[in-house]
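> Need the 3D shape of this:
(chains A and B)
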Amino acid sequence: MHRKSITLFQSLRFRLIASVVSIEIIMLSLLVWNNISIIQATHTDRLRDTATSMIQQIARTSGNYMVAVDYATLEDYLRNIIDYQELSYLVILDRDEHAVIALGEFPLQPWPASEAHPAQVTDGVYDVSDVITVAGQPMGRVLMGFSLSLMEEAIRKSRTRGISIAAAEIILTVIVTVLIGLGLTRRLGILSAAAQEVGKGDYSIRIPIEAADEVGKTATAFNQMVTEVSSRTQQLEEAESQSRTLLAENRNLVHTSLHVQEEERKHLARELHDELGQCITAIQADAESIRDLSGVGDRRIETSASAILDVSSRIYEVVHAMMQRLRPGVLDDLGLVEALKEELSTWQDRHPGIETNLEVGGKLDKLDERINITIYRIVQECLTNIARHANATRVSISLSGNIDTLVLSVSDNGLGLDQSVPSDGLGLIGMRERAEGLGGEFMLASEQGTGVTIRVRIPLHGEDK
Amino acid sequence: MRIIPVRLQQRCTGRHKLHAVLVCCLLAIPAAIAAAEKGNCRPADPLVFGILPFISSEQLVFRFTPLVNYLSENLQVSVRIETAPDFVEFARRTHEESRYDILFTAPHFFTRANQKAAYRLIASVDSPEMWAVIVTPKQSDIHTLQDLEGKRLATVPPLGLATLLVRKTLFEAGIDPDVDLDMVITPTHDAALLSSYHGVTDASALMQPPFAAASKKVRDSMRIIARTGSTPHIPISVAPRLDAACAAEITDLLLNMGSTPEGKAVLLHNRFTGYRQGDPAIYEKLNELLNH
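Predicted coordinates:
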């Protein structure tokens, strides 16, 4: 199996780490932002409440002093308040808006407008004011300014602390995620490599079980799978080996039987020729003698002798034809080419409407007897099939041989053969077995309506393989 | 028992009365002419209505705000209330600074203001004479002035009219207030009254008007064991810097306050029946009290 390289964004490790870190950054940013907002709101609300409380108290308690124009006592009282850390200034205005008491770093006139909330402050001082009343009558105003520096310092510290904690958490998360990711993907990498080795056929590989987690269970299942596959593969290989042996034995048996068949045919043909043929020849000779001696004698003798002669001639023809089918004598006497020519000529006589053509080339005179009979029988079977099924008008036979190979090609222009439909006959199987019995190849090419071409290639050396 | 100082009686002779009437007439003539027109008070700053701190500032503002507003609306100038932390400071501001344009103070303080800072009397509260009372809780076993010996008597500051009147009354009863009893100084009449009401002291000395204005619950739980001699009612005077036309317009407003519904409401709020033309001569008898 070809191992493809993994890009950065396809990497499970990268995606895992990037996802966790992204989520951490987003969530912690939201958390820090939320905390800072809360801290800021808490501080500003506290300052606002403190300012409101203080200024209301001062406004209420200052009234009597204002009516009595007792500013000295009021100032003594207020000096205790100005010590408050966040208080920047405190000014008491009389009914004419004249400052009668001014403590701290009070601003220059015009007096700053009261601000509703510390969050609206732009100059760093939260200005508030309230009316001093006595019995519902205005007696002046109190102005107070609260510095935001302490609050801002507290907020800044809180913000720094929050961001530091968030940064530390992100770093720790990255480290832990990287470590876990590396560990996880390393073991997945081992699994991947082992699967590739199994793909290559190495069933001996086993993955070490490092932990009882999901990856460990996957590794255990993988090992069990490899063991099972290995066992099944071994069984299949044994079964295949046995099948191959049986097939070879069957082929050997077929070849032997074919060989025995040919030998028996050859022997039978020879016996017919030597024994039955001589007898028939003798009968014919005797019948001719009887016919000749009868002369002008008895006409009935002459008739009987002629009948014997006709019958014996007919028997001879039948026996001769049987001998030709069993073992064409011309194959042994004149060779393969002449035998093929005679067979084709005889077949042409029986099927005069089919044009035939035989082409031969190369060295074909010293072929082994088994090759000769094999080629002859294949051509004989092809012609039989063409006559029975092809409805062809032309048959071409080509036989060529060189030092190493003998090639036979038989083609027609008939109906063709649908190879997807299993054939009931044994003809094609027999041809294939004969060719492969000599270590050769049998090929059939056909499409419906374009005829059939059978091509046989037989090695001239090593045919005993 | 009504106690009238002898020295004061001696000062109120016919010659003095004649002088006083002439002065009043001289003052009244331009004032009467000017009072026919309005808008005579046009000071650069608001007019300061100074009130003796005889009650708490809260009470003081509550009681006199309607009067001040009435004056302000009719004079078409801003008038504002002021007081002082205590009687001494109020007197000092009056005498040394002439701080108050309109002075609403105790009768004996007006006498000094007139003498030291030339404050001019323009009107008096049109009510019977004032006096001080000595009160104790009803469940107390103090029933006479003699029962006060060795007791704690709450009163206003030493310069307060009530204190002066009570001291004079005690002396006349043969009691030395500096020896025979313990005078406890409180800042206001209310404080003096509440002091014995709450049992902090055994008795309280205060002017009758503040006592009458006290809450019914407090008033009903107290018993008057003595009253002092009478003094003229509260005088209203103006600083010398106020011109005659302005003073006359103020006088006219005060004297005719009872003729308008708004003015009547103000008088009712102050529990005054009205204002009358001021007579400086009647206040001269208070010099004796001050010199006591």
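> which residues does B:Ile122 contact?
With contacts defined as C-beta atoms under 8 Å, 6 or more residues apart in numbering or on different chains, B:Ile122 is in contact with B:31, B:236-238, B:247-248, B:250-251, B:254, B:278. (Glycine included, C-beta is placed from N, CA and C.)
> what about it, distance to chain A?
23 Å (C-beta to the nearest C-beta, to the nearest Å).
> Work out the gap between the helix or strand where B:Phe64 lies and the centre of the chain.
For B:Phe64, the element it lies in under DSSP states H and E is helix B:57-75. Chain-centre distance of helix B:57-75: 16 Å, with C-alpha atoms, centre = their mean, to the nearest Å.
> okay, it in CSV with CA atoms only?
Provided in CSV are the C-alpha atoms of helix B:57-75 (Å, rounded to 0.1, in the frame of the first residue of the first chain):
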residue,chain,number,x,y,z
SER,B,57,-31.0,75.8,63.0
GLU,B,58,-33.5,73.3,61.6
GLN,B,59,-36.3,74.7,63.6
LEU,B,60,-35.2,78.2,63.0
VAL,B,61,-35.2,77.8,59.2
PHE,B,62,-38.5,76.0,59.4
ARG,B,63,-40.1,78.7,61.4
PHE,B,64,-38.8,81.8,59.6
THR,B,65,-38.6,80.7,56.0
PRO,B,66,-42.2,81.8,55.2
LEU,B,67,-41.5,85.2,56.7
VAL,B,68,-38.2,85.6,54.7
ASN,B,69,-39.9,84.4,51.5
TYR,B,70,-42.7,86.8,52.1
LEU,B,71,-40.3,89.7,52.5
SER,B,72,-38.3,88.6,49.5
GLU,B,73,-41.3,88.4,47.2
ASN,B,74,-42.7,91.7,48.3
LEU,B,75,-39.4,93.6,48.3
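> Is any residue of that helix near chain A?
Yes - using C-beta under 8 Å from any C-beta of the partner chain, we find that helix B:57-75 touches chain A at B:57-62, B:65.
> Mind giving me the PyMOL command for buried ones among the residues you listed?
To isolate the buried members of those in PyMOL, using 16 or more other C-beta atoms under 10 Å in any protein chain shown:
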select buried, chain B and resi 57+59+60+61+62+65
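> okay if I get the residues of helix B:57-75 next to chain A as JSON lines plus distance to A:Gly329 and pLDDT?
Compiled in JSON lines, these are given as follows (distance: C-beta to C-beta, whole Å; pLDDT from 0 to 100):
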{"residue": "B:Ser57", "distance to A:Gly329": "161", "pLDDT": "89"}
{"residue": "B:Glu58", "distance to A:Gly329": "159", "pLDDT": "90"}
{"residue": "B:Gln59", "distance to A:Gly329": "163", "pLDDT": "89"}
{"residue": "B:Leu60", "distance to A:Gly329": "165", "pLDDT": "92"}
{"residue": "B:Val61", "distance to A:Gly329": "160", "pLDDT": "94"}
{"residue": "B:Phe62", "distance to A:Gly329": "161", "pLDDT": "94"}
{"residue": "B:Thr65", "distance to A:Gly329": "161", "pLDDT": "95"}
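> Count the neighbours of A:Val125 for me.
The tally of other residues near A:Val125 (other C-beta atoms under 10 Å in any protein chain shown) stands at 19.
> Report whether A:Val410 is found in a strand, as I expect.
Yes - assessed with DSSP: H, G, I helix; E, B strand; the rest coil, A:Val410 lies in a strand.
> So what's the residue count around it?
23.
> continuing past the helix of greatest length in chain A, what's the next helix or strand?
Ranked by residue count and defined by DSSP state H, the top helix of chain A is helix A:214-271. The C-terminal neighbour of helix A:214-271 among helices and strands, as given by DSSP H and E, is helix A:277-294.
> just how off-centre is that following helix within its chain?
In terms of C-alpha atoms, centre = their mean, the centre of helix A:277-294 is found 83 Å from the chain centre.
> and it, C-alpha only, in CSV?
Below are the C-alpha coordinates for helix A:277-294, written out as CSV (Å, rounded to 0.1, in the frame of the first residue of the first chain):
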residue,chain,number,x,y,z
GLY,A,277,-8.2,-54.2,-44.4
GLN,A,278,-6.1,-57.3,-45.6
CYS,A,279,-9.1,-59.5,-45.1
ILE,A,280,-11.4,-57.2,-47.1
THR,A,281,-8.7,-57.0,-49.8
ALA,A,282,-8.6,-60.7,-49.9
ILE,A,283,-12.3,-61.0,-50.1
GLN,A,284,-12.3,-58.5,-53.0
ALA,A,285,-9.6,-60.5,-54.8
ASP,A,286,-11.5,-63.7,-54.3
ALA,A,287,-14.7,-62.1,-55.4
GLU,A,288,-13.0,-60.8,-58.6
SER,A,289,-11.6,-64.3,-59.3
ILE,A,290,-15.0,-65.9,-58.8
ARG,A,291,-16.5,-63.3,-61.1
ASP,A,292,-13.8,-63.7,-63.7
LEU,A,293,-13.9,-67.6,-63.7
SER,A,294,-17.5,-67.8,-63.9
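> and it, which residues are buried?
A:277, A:280, A:283-284, A:287, A:290-291, A:294.
> As JSON lines, the residues you listed with pLDDT would be great.
Output for those, formatted as JSON lines (pLDDT from 0 to 100):
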{"residue": "A:Gly277", "pLDDT": "78"}
{"residue": "A:Ile280", "pLDDT": "83"}
{"residue": "A:Ile283", "pLDDT": "85"}
{"residue": "A:Gln284", "pLDDT": "82"}
{"residue": "A:Ala287", "pLDDT": "82"}
{"residue": "A:Ile290", "pLDDT": "81"}
{"residue": "A:Arg291", "pLDDT": "78"}
{"residue": "A:Ser294", "pLDDT": "73"}
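> tell me which of those is nearest to chain B?
A:Gly277 (166.1 Å; C-beta to the nearest C-beta).
> so the longest helix of chain A versus helix A:277-294, what angle?
If you take axes from the mean of the first three to the mean of the last three C-alpha atoms, to 10 degrees, helix A:214-271 sits at 30 degrees to helix A:277-294.
> got a pLDDT number for B:Thr83?
According to the prediction, B:Thr83 has pLDDT 95.
> ok, now A:Glu381?
Reported pLDDT for A:Glu381: 90.
> Give the helix, strand or coil label for it.
Once three-state DSSP is applied, A:Glu381 turns out helix.
> correct me, but it touches A:Gly427?
Yes - contact criterion C-beta atoms under 8 Å: A:Glu381 and A:Gly427 qualify, at 5.2 Å.
> And those two? Which one has more around it.
Between A:Glu381 and A:Gly427, counted using other C-beta under 10 Å, A:Glu381 has the larger neighbour count: 19 against 15.
> From chain B, how far off is that one?
From A:Glu381 to chain B the distance is 140 Å (C-beta to the nearest C-beta).
> And A:Glu275, by the same measure?
For A:Glu275 relative to chain B (C-beta to the nearest C-beta), the value is 166 Å.
> next one: A:Arg455
According to C-beta to the nearest C-beta, A:Arg455 and chain B sit 132 Å apart.
> residue boundaries of the strands in the stretch 51-200 of chain B?
Taking DSSP state E, counting those that start in this stretch as the test, the strands found in the stretch 51-200 of chain B are B:79-82, B:102-104, B:120-125, B:132-137, B:152-155, B:182-185.
> Adding distance to A:Ala195, write the ones you listed out as JSON lines.
Output for these, formatted as JSON lines (distance: least, C-beta to C-beta, whole Å):
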{"stretch": "strand B:79-82", "distance to A:Ala195": "100"}
{"stretch": "strand B:102-104", "distance to A:Ala195": "109"}
{"stretch": "strand B:120-125", "distance to A:Ala195": "116"}
{"stretch": "strand B:132-137", "distance to A:Ala195": "108"}
{"stretch": "strand B:152-155", "distance to A:Ala195": "107"}
{"stretch": "strand B:182-185", "distance to A:Ala195": "107"}
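> What residues does the closest residue to A:Asn223 other than its chain neighbours make contact with?
The shortest distance from A:Asn223 to any non-neighbouring residue, by C-beta to C-beta, 6 or more residues apart in numbering or on different chains, is to A:Arg206 (5.3 Å). Contacts for A:Arg206 (C-beta under 8 Å, 6+ apart) come out as A:194, A:223, A:226.
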